[in-house]
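> Next input, structure requested:
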Amino acid sequence: MKKYVIVGANQSSIYSDGFTALPGAKATALAWKIFLDKQGFEEVAFLTDEDATRTKVLCGLTNLFSDLKSNDFALFIYMGHGRQIENKNNSPLFPDDEGDGKDEELICKGDPILDDEIRLLLNLNKKKAPVFIIIDACDNGLIEGESLSANKFVNDNEVAFSSTAKTDKAYMESFDEEKQQKKQEAVYSTFLLDVVKANLGKNYNEIFDLAREKIEKDGYPQNPQMAFTNGTILKNPIFSSPLKMDLSFSRKDIELLLADPNKGIGGLMSETQAERIVKFIRKDIFKINKRI
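Predicted coordinates for the structure are as follows:
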């Protein structure tokens, strides 16, 4: 079974601290929902308007990750406001948690959701089913310096795309040159959806590159990022499950990709880093669940 949680955090009434409304987040969330429903995905949660709350998002992710079987597939898409804050997590379970001393937040109704909380909830995926995460929000990139922050989304079979680097703006409105009018849409998520529709047989690395090329060609000053936990999932066709284990990157593949900084970004650096990531114990997951 393929399942999704989609969040389009659009209304200004759900935000504090003066964040503006993002009607494009809801419009693009609905576009993804329509597409995924046609692809046979099961909806676990679709959250927009007043439903885009911290509690409902975390409940949706808990249900999504905790009920996965090995042949299932999980997709989490978030479109909305994001920001960086000073690293709040001093737990010994997070050594060298944030190389830049910053945490990333997804802004929802109620308290925001930290990247650390998503990371812990991923440990509910006990059967190691493939997980694909798309984050379209400001200041939520996955790259720290020259190395990839694989520890943002870590278990065994995850891949994550972010629309921005850590200090980028995520555009939530585009301009239709043909009609000479503005369009309400989350730009990166819309471009990514267009690429996916036209290239369902391609792997994650190819999809990432095509979407990145499209956003650069259209002149948006965003720097999409990619993180993953192993080369196997990255080499598999998008949305595929179970994973084909004979499709991992060869050393030659890695050398070729690393030689071109615009191909697959620095994601391939994550494999050695991922080996050093701490495996989080269940009691910390319980702490997150108690806060929901």
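> Can you report how many residues lie near Thr232?
By other CB atoms under 10 Å, the residues close to Thr232 number 18. For every residue, glycine as well, the C-beta is placed using N, CA and C.
> ok, the nearest residue to it once chain neighbours are set aside - contacts?
Closest residue to Thr232 apart from its sequence neighbours, by CB to CB, 6 or more residues apart in numbering: Ser248 at 4.3 Å. Counting by CB atoms under 8 Å, 6 or more residues apart in numbering, Ser248 touches Asn230, Gly231, Thr232, Lys235.
> And for Lys235?
By CB under 8 Å, 6+ apart, the neighbours of Lys235 are Asn203, Tyr204, Asn205, Leu247, Ser248, Phe249.
> Check the average confidence over stretch 192-210, would you?
Stretch 192-210 carries an average pLDDT of 94.
> Quick one: end-to-end distance for that stretch.
8 Å (CA to CA, to the nearest Å).
> Quick one: the strands in this structure, in order.
2-8, 42-48, 73-79, 82-86, 102-106, 113-114, 131-136, 143-144, 147-148, 158-162, 173-176, 181-184, 225-228 (DSSP state E).
> Tell me which of those approaches Pro23 most closely.
Closest to Pro23 of the strands of the chain, according to CB to CB: strand 181-184, at 4.6 Å.
> Counting by contacts, list what the closest one packs against.
Here strand 181-184 is seen to pack against helix 23-38, strand 173-176 when contacts are counted using 3 or more CB pairs under 8 Å, 6 or more residues apart in numbering; DSSP states H and E.
> what pairs with it, and is each one parallel or antiparallel?
Take DSSP bridges as the rule and strand 181-184 pairs in its sheet with strand 173-176 (antiparallel).
> Where does the prediction get shaky in the stretch 151-292 of the chain?
Within the stretch 151-292 of the chain, the ranges that satisfy pLDDT under 70 run 151-155, 166-167, 175-181, 249-251, 253-292.
> can you give me the helices in it?
Along the stretch 151-292 of the chain, counting by DSSP state H, counting those that start in this stretch, helices occupy 187-198, 204-217, 231-235, 251-259, 270-274, 282-291.
> beta partners for the closest residue in space to Phe161 that isn't next to it in sequence?
In space, and not counting its chain neighbours, Phe161 is closest to Ile134: 5.1 Å by CB to CB, 6+ apart. Beta-bridge partners for Ile134, by DSSP bridges, are Ile77, Phe161.
> do Ile6 as well
Under the criterion used here (DSSP bridges), Ile6 is bridged to Phe46, Ile77.
> Model confidence score at it, please.
According to the prediction, Ile6 has pLDDT 97.
> That one: how many residues sit nearby?
By the measure other CB under 10 Å, the count of residues near Ile6 is 26.
> Over to Gly231?
Residues contacting Gly231 under the criterion other CB under 10 Å number 20.
> quick revisit: quick check, nearest of the contacts of Ser248 to Leu192?
Nearest to Leu192 out of the contacts of Ser248 is Lys235 (CB to CB; 18.8 Å).
> Can you tell me the closest non-neighbouring residue to that closest one?
Using CB to CB, 6+ apart, the closest residue to Lys235 is Leu247 (4.0 Å).
> surely that neighbour meets Asn236?
Yes: using CB atoms under 8 Å, Leu247 is in contact with Asn236, at 5.6 Å.
> Who has more neighbours out of those two?
A direct count of neighbours by other CB under 10 Å for Leu247 and Asn236 places Asn236 higher, at 22 against 15.
> quick one, phi psi at that one?
The phi/psi pair for Asn236 (degrees, to the nearest 10) reads phi -70, psi 150.
> pretty sure it contacts Asp246?
No: the pair Asn236 / Asp246 is not scored as a contact, 10.2 Å apart, by CB under 8 Å.
> re earlier: can you tell me how far the residue nearest to Lys235 is from Lys202?
Leu247 sits 12 Å away from Lys202, going by CB to CB, to the nearest Å.
> Please enumerate the shared neighbours of Leu247 and Asn236.
Asn203.
> give me the number of residues near Thr53?
For Thr53, using other CB under 10 Å, the count is 17.
> hang on, isn't it packed against Asp111?
No: the criterion here is CB under 8 Å, and Thr53 misses it with Asp111 at 9.4 Å.
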